[in-house]
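S.K.: Sequence first, predicted model second:
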Amino acid sequence: MEDIEKKWSDLIVLLQDDFDEELNLKSILFLIGVQELGQGIRDFDKEEKTYLLHIATCKLLCPFGYYRFKNIDEDGWPHYEVLKDLEKLNPSSQEILMKKSIINYFK
């Protein structure tokens, strides 16, 4: 657990140099979602922002067997299929899993 928190802190410091606002788990998920969408930086409406968080979560949790990439729709948005339920993990375990996934993503 300490190793994950140290790696997480190191990642935040590394990424923070490129952003004016303080980064947190949700903002990093948003950045990953934008990256995975591949349509560049633009204004997103509230629904799109929510879906960007979902894209990031799915992408990050694919290697752990929670999701599998399904397809890209006609508008260029990726879709994933649920393989196992993430809600069986308690919130603390979910956060650790997400941090571990983000650390792996940026390696």
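M.R.: Done, it's in.
S.K.: element containing residue 68, please.
M.R.: Secondary structure from DSSP states H and E places residue 68 in strand 67-72.
S.K.: same thing with residue 9?
M.R.: helix 2-16.
S.K.: Quick one: low-confidence residue ranges for this protein.
M.R.: Applying pLDDT under 70 to the chain flags residues 1.
S.K.: That one: helices as residue ranges?
M.R.: Assigned by DSSP state H, the chain shows helices spanning 2-16, 25-37, 46-61, 91-105.
S.K.: sorry, back to before: same for the strand holding residue 68, what does it pack against?
M.R.: For strand 67-72, the packing partners by 3 or more C-beta pairs under 8 Å, 6 or more residues apart in numbering; DSSP states H and E come out as helix 46-61, strand 78-82. In this view, the C-beta of every residue, glycine as well, is placed from N, C-alpha and C.
S.K.: 6 Å - rerun?
M.R.: Where contact means 3 or more C-beta pairs under 6 Å, 6 or more residues apart in numbering; DSSP states H and E, strand 67-72 is packed against strand 78-82.
S.K.: In the strand it packs on, which of the residues would be classed as buried?
M.R.: Using 16 or more other C-beta atoms under 10 Å as the test for burial, strand 78-82 gives 78, 80.
S.K.: Could you report the separation of residue 87 from residue 66?
M.R.: Using C-beta to C-beta, to the nearest Å, we find residue 87 at a distance of 10 Å from residue 66.
S.K.: quick one, which of those two is more surrounded?
M.R.: residue 66 (19 against 8; other C-beta atoms under 10 Å).
S.K.: And the more buried one, how far from residue 96?
M.R.: As for residue 66, its distance to residue 96 is 14 Å (criterion: C-beta to C-beta).
S.K.: With residue 59 instead?
M.R.: Separation of residue 59 from residue 96 (C-beta to C-beta) stands at 18 Å.
S.K.: Those two - which one has more neighbours?
M.R.: Taking neighbours as other C-beta under 10 Å, residue 59 and residue 96 compare with residue 59 leading, 20 against 16.
S.K.: Understood, closing this out.
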